[in-house]
Structure formats: C-alpha cells, structure tokens
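Chemist: Turn this into a structure:
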Amino acid sequence: MKMTIRRLLPHAALVVATALVVTAFTGRDEDDYFYKLNRGLELFGQVYREIAQSYVDEIEPEEFISAGIEGMLRTLDPYTVYMRRKESADIELLTSGSYGGIGITVGVRDSAITIVDIVDGYSAQRQGLRIGDRILSIDGAQVLNIPLDSLREFTRGEANTTLTMSVLREGAGTPLTFVLTRENIRVLSVVHSAIVGNDVGYIRLERFGANAGDEVRSAMSDLIKRGARGFILDMRDNPGGLLESAVDVAGKIVPNGSTIVTTRGRDSTEERIYRSTEEPIIGDRPLVVVVNGGSASAAEIVAAAVQDLDAGVILGDRTFGKGLVQSVRRLPHDATLKLTTARYFTPSGRCIQKAQYASDAHLEPLLADASASGDFRTARGRTVTAQGGVVPDTIVADLDTGSVVARLLASPVFFDFATAYSAKYSTLPTGFRVDDALMAELEEYAVRHFAADADENPVLARARELHAAAKASSYDPLVLRSIETLQAQIAAESRRVFVTHRELLRRALQTELVGRYRGQRARYETGIASDPQIQTAIGLVHTGRPAYDRILSAR
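Modeler: Numbers count the residues shown, from 1 in each chain. Predicted coordinates for the structure are as follows:
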C-alpha cells in the first residue's frame, strides 16, 4: 500500500529534527567531518520535505526517496547498491542456500514468461514440465506477461503446499495443466562433479553460497574414492558470493595455516586476515583451476590464493577484476544496503581490482594505495602482477568465433530450435548425435531468424535504416537496389558461420538437445566432452608432475 504524503511528512520532520539535535551537539568547525555529515542529513531532509509539500504534482514517496538514495550511490563504486524487498530476497537466498519452490528457472522469450531450465529431481521435472513451456496462469491468476520478478510470488512458498500451473507448449493444441508441490529447493554451489578423462575429478563451482565449502569437500572426497588422481575446479562465469565461503573453499585446497586473503577497511584497525585451518583434502594431487572473464569476486579470491601459494595451476582467461568487499546492512521496511566496506589483498599482497571502477574521474585516487605497483612473488618465487584480475598461468582463451557466431550463440535460435524439435519428438534415440541433416535445418532456421529480426543483427538494422533514409530522400532506384542487395548479403552472413564454425555449432546444439531430454547432469557431461579449455586441463593433469611442476617453477 502506498504511503500518502501526509503520512510521510511526520517521518521526514523527525529526520530533520534529529539532524538538528545532533548538529547542536557537534562542533561548528566547517572542516569537522561529523558536522558536515549532519548538515548534509539536515539539508537532504529539508529538500525532501519541501518537494513533498510544494511540488506541482503529487509524488510517490517510496519511488522518490529511492531515487534520492540511488542518486547518492551512483557517485560510489558500482557494487554499493540499495535493494528493496524483492531484490533483497536474492541475498537471503545466497545466505540460506534454499527456498520453497517447484524447481524451475524462468526467463522472457518473445515477451512471455518461459521456463528456461528445470532442476533435476524436483516437482517440475517429475510432473513433466518442459524447458520452453510458457507459463500462462498459476492458481487461476494470469502471469504470461507479468514482470519476471513478480513470478516468485506465485511459485515460491512453504514446502508441501501445492499450486496449479497452466502452460502453453509448442505443438500442443490447448493449454496443459499441472499440479505441482513446493519443496525445499537446495541452491547448490557445486552444480556438477564427475570423473573425466578416466581419472580426473571435475568440479563445477557455479557460486559461493553458504554451503559452498561443504559441497566442495563432499565432491572431492567422493571423487577421491572413485579414483581421482588430479582435480579440475571449474569456476568460469562464477560471479562470486560470500567471502567466508571463498575462504572455506580455498581452505580445502591450500596448505594448512596459509593466509588466504586479507581485507582492509577504511583505516588500519579494520584489517582482517583469513587463514586456512585444515589440511587440504586433495593432498599433493595436481589441481587445475579454470577461470575466465566472468569469474569474479569470491572466485578470484580462491584463484588468487591458489596461484600465490602455488597450490595449483590457473588456466583459461584473465578474470574480471573485482577486489572490493561488500557488507550487507539491513534497513527498515525489508530494504537492504549492500555496501563496499573493504578491499581484499591476495597472499602475495596484490589487489586485483580494476584500476577504475567508476566513471567519475575524481574517484580514481581511491585505488591509488590499494597495492604497490610492480611485481609480486608466489610461494615458490614466481612473479605475478596486479593487473586488474588474475592472469592465468596457462592462458587458454575460449574460441574467438567473431561477433556473428557470438551473436548466434547468444540469440534465441538454439533455444527456440530445440523447443520446436522437442515438440516433434518425445525422446532422443540411443547414441543420438546431431547429424548433417539436422544441422541443415538449424542453418535454415537461423537464416530466417536473423533476416526477420533486425534487432538480433545490428549491421542489418543499419542497412535497413540506410535504405529507409535513401528512400525518403528519393534516391535513384539503382541505389536502393544496391542497398537491398547489401541487406540480403548481410542476412545471409549467418550461412557462412555454418561453414567456418560448423563443429562448434554442432556441439552447441548437441548440448542443448541432450539437456532438454536428459536433464542438467547430461547437459554438463555433454558440454565437458567438447570443451577445449576443460580438455586442455585434463591433458595437463595427465602429463604428470614434471609438466605440472614446470609451470609452477620460479621464472
């Protein structure tokens, strides 16, 4: 329920009065920090009250105060954010590690709320929901086109309660109805673990939730029992999470008693050192940590600790470069402030934060003392640098496929094609492989998609704008036909990628279809088999200690 201006004014007056009282007991020295602080609070409250009382149009109080808060935060780093009730739920989920739901992930496809993933083993999978289903209604309420964040109000709730969901499925003539039971859904940090390459333990760590350390311990212990002679820790596209969880995970890998990370706040008294308190589970088995530009924050803490302590080889691409620590401050009315309170430093003393984290030039000096410039040394004497992110010991870049292929992989083409395919076939045959005939179908589908949707192809969009401008300016028909020919050539460019990157696209379609029919675990297994970075990591483990130790030797 929205607060009225009249109800809000006493609160605003109280803020101003409080500011005046505090100011009265504060020195009047213009340079005094607390005097300036309280003077600012007084001014902010006065401006808010004047606008609330006298502005020509009635304002919405919550939206207005939120805009003021967000305006202040824009002058800081991008990780200090104000979150209202719905946004705060994501932090609760990270810290609790579970929620009451049915086991689906949703997204927007063609302006409709669509199931984009289904968690193995929960009600949605057991009752037969499919990726690609569009959610029409829940318990009679129409939800097909509601804001995405609003859907959780319908799907989440207490365990053992039920809901009735109606979905639109491609190939079905009428909506399908499912009765689903909410369950306690565990949000796993380790989303997949397996033996790959016959004797290598593979662990996919997707986030750093509250139970990340326990999950890594369990996965490593199980893989050792199954004969793992080395490990791959895959943290690509892991955006981070809880600092304590990063320390816990690193503690399963690095030597007992090692410094994992040091955080330093506003002054020297706020320094805190985090150390390992247990023997590494993997012993002296080789470890390869795979990272990329999407590995950030807590993932970088683990990667940097492993690198600085020479506890494993870092492989892949340079990481994101986030060296700041956030603390969560609970605010009234279920709001939350995620506030940057410290920088973190790796065991060798590096701060891997990017050199500039705000567009305002006056903020650049904030990182000037983050760490000394120059080189740092690992435990074995190797040289490492603070260059904005963790630079891998072995750089194995992901395939540089060019913008056309990248746009194709990021587009809805594979998702929509797989949805149409699964509407025609109820199962995948044993030993299924994407053959040339199916690739030809995908190619035609992609060409039609990019020809029809200029938003997916910015070059085609520019050509169409050029054609419209030329036509409006009464250009010669020969010029218009030349532009039309160019449009056709641009639209057909997607055919070229099916020649130059055919196997990459074949593997992507194979992974998408196998995941549709056989679940998340099968999707991960299929992806690993054709992943060049993971295959390189397996090869490194298999070459034995001499090659592994050579990378970790001083140079």
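
Chemist: helices or strands next to the top helix by length along the chain in the packing?
Modeler: Counting residues, the longest helix found in the chain (DSSP state H) is helix 502-529. Of the remaining helices and strands, those touching helix 502-529 by 3 or more Cβ pairs under 8 Å, 6 or more residues apart in numbering; DSSP states H and E are strand 112-118, strand 190-196, helix 402-410, helix 413-424, helix 436-452. Where you see a C-beta, it was placed from the backbone N, CA and C, and this is true even at glycine.

Chemist: avg pLDDT for the fourth one?
Modeler: When you say that, I think you mean helix 413-424. Averaging pLDDT along helix 413-424 yields 92.

Chemist: Name the residues of that helix that come out as buried.
Modeler: Using 16 or more other Cβ atoms under 10 Å as the test for burial, helix 413-424 gives 413-419, 421-422.

Chemist: Just give me the lowest mean pLDDT stretch among the helices and strands packed on helix 502-529.
Modeler: The weakest mean pLDDT among these belongs to helix 402-410, with a mean of 69.

Chemist: Show me the two of the buried residues of helix 413-424 that sit farthest apart.
Modeler: V413 and S422 (15.0 Å; Cβ to Cβ).

Chemist: so which of the helices and strands packed on helix 502-529 gets nearest S553?
Modeler: For the helices and strands packed on helix 502-529, the distance to S553 is smallest for strand 190-196, at 26.4 Å, taking Cβ to Cβ.

Chemist: what's the angle from that closest one to helix 502-529?
Modeler: Orientation check (axes from the mean of the first three to the mean of the last three Cα atoms, to 10 degrees): strand 190-196 against helix 502-529 gives 90 degrees.

Chemist: Which strands or helices does strand 190-196 pack on?
Modeler: Secondary structure elements in contact with strand 190-196, counted by 3+ Cβ pairs under 8 Å, 6+ apart, are strand 200-205, helix 212-225, helix 502-529.

Chemist: Would you mind finding the most buried of these?
Modeler: The highest mean neighbour count among these belongs to strand 200-205 (a mean of 25), with neighbours defined as mean count of other Cβ atoms under 10 Å.

Chemist: Please name the nearest non-neighbouring residue to the residue most central in space within the chain.
Modeler: The residue lying closest to the centre of the chain (Cα atoms, centre = their mean) is P239, at 4.8 Å. Setting aside the residues directly before and after it, P239 is nearest to A296 in space (Cβ to Cβ, 6 or more residues apart in numbering), at 5.2 Å.

Chemist: Wait, the one you found touches R318, no?
Modeler: No. With contact taken as Cβ atoms under 8 Å, A296 and R318 are classed as non-touching, separated by 11.4 Å.

Chemist: Adjacent strands (with direction) for the longest strand belonging to the chain?
Modeler: In the chain, taking DSSP state E as the definition, the longest strand is strand 335-345. According to DSSP bridges, strand 335-345 has the following sheet partners: strand 81-83 (antiparallel), strand 259-264 (antiparallel), strand 324-331 (antiparallel).

Chemist: So which of those is the most surrounded?
Modeler: Stretch with highest mean neighbour count among the strands paired with strand 335-345: strand 259-264 (a mean of 21; mean count of other Cβ under 10 Å).

Chemist: roughly how far is that one from the heart of the chain?
Modeler: Chain-centre distance of strand 259-264: 24 Å, with Cα atoms, centre = their mean, to the nearest Å.

Chemist: can you list the residues that contact that strand?
Modeler: Residues outside strand 259-264 that contact it (Cβ atoms under 8 Å, 6 or more residues apart in numbering) are 243, 246-247, 250-251, 254, 270-276, 301, 304-305, 325, 342-347.

Chemist: are any of the residues you listed buried, and which?
Modeler: Using 16+ other Cβ under 10 Å as the burial test, the contacts of strand 259-264 include 243, 246-247, 250-251, 254, 274-276, 301, 304-305, 325, 342-347 as buried.

Chemist: Quick check: S530 touching Q510?
Modeler: Yes. The pair S530 and Q510 passes the contact test of Cβ under 8 Å, sitting 7.4 Å apart.

Chemist: circling back to that earlier point, narrow the contacts of strand 259-264 to those in helices?
Modeler: Per DSSP H, helices hold the following members of the contacts of strand 259-264: 243, 246-247, 250, 301, 304-305.

Chemist: Nearest to C351 among those?
Modeler: Closest to C351 out of the ones in helices among the contacts of strand 259-264 is A304 (9.9 Å), distances taken as Cβ to Cβ.

Chemist: isn't the closest one right up against V390?
Modeler: Yes. Contact between A304 and V390 holds when scored by Cβ under 8 Å: they sit 5.1 Å apart.

Chemist: contacting residues for the residue of the chain most remote from its centre?
Modeler: Farthest-out residue of the chain from its mean C-alpha position, per Cα atoms, centre = their mean: D476, at 49.9 Å. By Cβ under 8 Å, 6+ apart, the contact list for D476 is empty.

Chemist: Next: S166.
Modeler: With contact taken as Cβ under 8 Å, 6+ apart, S166 is in contact with 135-138, 175-178.

Chemist: tell me the mean pLDDT over the host helix or strand of it?
Modeler: S166 is located in strand 162-168, with elements delineated by DSSP states H and E. Throughout strand 162-168, pLDDT has a mean value of 97.

Chemist: Stretch 242-260 now?
Modeler: For stretch 242-260, the mean per-residue pLDDT is 97.

Chemist: In PDB, list the C-alpha atoms belonging to that stretch.
Modeler: Below are the C-alpha coordinates for stretch 242-260, written out as PDB (Å, rounded to 0.1, in the frame of the first residue of the first chain):
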ATOM      1  CA  LEU A 242      30.100 -14.900   0.300                       C
ATOM      2  CA  LEU A 243      33.600 -14.000   1.400                       C
ATOM      3  CA  GLU A 244      33.500 -16.600   4.200                       C
ATOM      4  CA  SER A 245      32.600 -19.300   1.600                       C
ATOM      5  CA  ALA A 246      35.500 -18.300  -0.600                       C
ATOM      6  CA  VAL A 247      37.800 -18.800   2.400                       C
ATOM      7  CA  ASP A 248      36.200 -22.100   3.200                       C
ATOM      8  CA  VAL A 249      36.600 -23.400  -0.300                       C
ATOM      9  CA  ALA A 250      40.300 -22.300  -0.600                       C
ATOM     10  CA  GLY A 251      40.900 -23.900   2.800                       C
ATOM     11  CA  LYS A 252      40.100 -27.300   1.200                       C
ATOM     12  CA  ILE A 253      43.000 -26.800  -1.300                       C
ATOM     13  CA  VAL A 254      45.800 -24.700   0.100                       C
ATOM     14  CA  PRO A 255      48.300 -25.700   2.800                       C
ATOM     15  CA  ASN A 256      47.100 -25.600   6.400                       C
ATOM     16  CA  GLY A 257      47.800 -22.300   8.100                       C
ATOM     17  CA  SER A 258      48.300 -20.400   4.900                       C
ATOM     18  CA  THR A 259      47.000 -16.800   4.500                       C
ATOM     19  CA  ILE A 260      44.100 -17.000   2.000                       C
END
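
Chemist: nearest to R186, of the helices and strands packed on strand 190-196?
Modeler: Between R186 and these, the shortest separation by Cβ to Cβ is 9.5 Å, and it involves helix 212-225.

Chemist: That closest one to strand 190-196, inter-axis angle?
Modeler: Taking the same axes, to 10 degrees, one finds that helix 212-225 is oriented at 20 degrees with respect to strand 190-196.

Chemist: Give me the contact list for the next helix or strand after helix 212-225.
Modeler: Once helix 212-225 ends, the next helix or strand along the chain (criterion: DSSP H and E) is strand 230-234. The set of residues external to strand 230-234 that reach it, using Cβ under 8 Å, 6+ apart, is 196, 199-205, 220, 223, 253, 282, 285-290, 302, 312, 534, 537-538, 541-542.

Chemist: Same question for stretch 153-160.
Modeler: Outside stretch 153-160, the residues within contact range by Cβ under 8 Å, 6+ apart are 99-102, 104, 138-139, 141, 143, 163, 181-184.

Chemist: Any idea how far that stretch is from the middle of the chain?
Modeler: Averaged over its C-alpha atoms, stretch 153-160 has a centre that lies 24 Å from its chain's centre (Cα atoms, centre = their mean).

Chemist: Cool, thanks, talk later.
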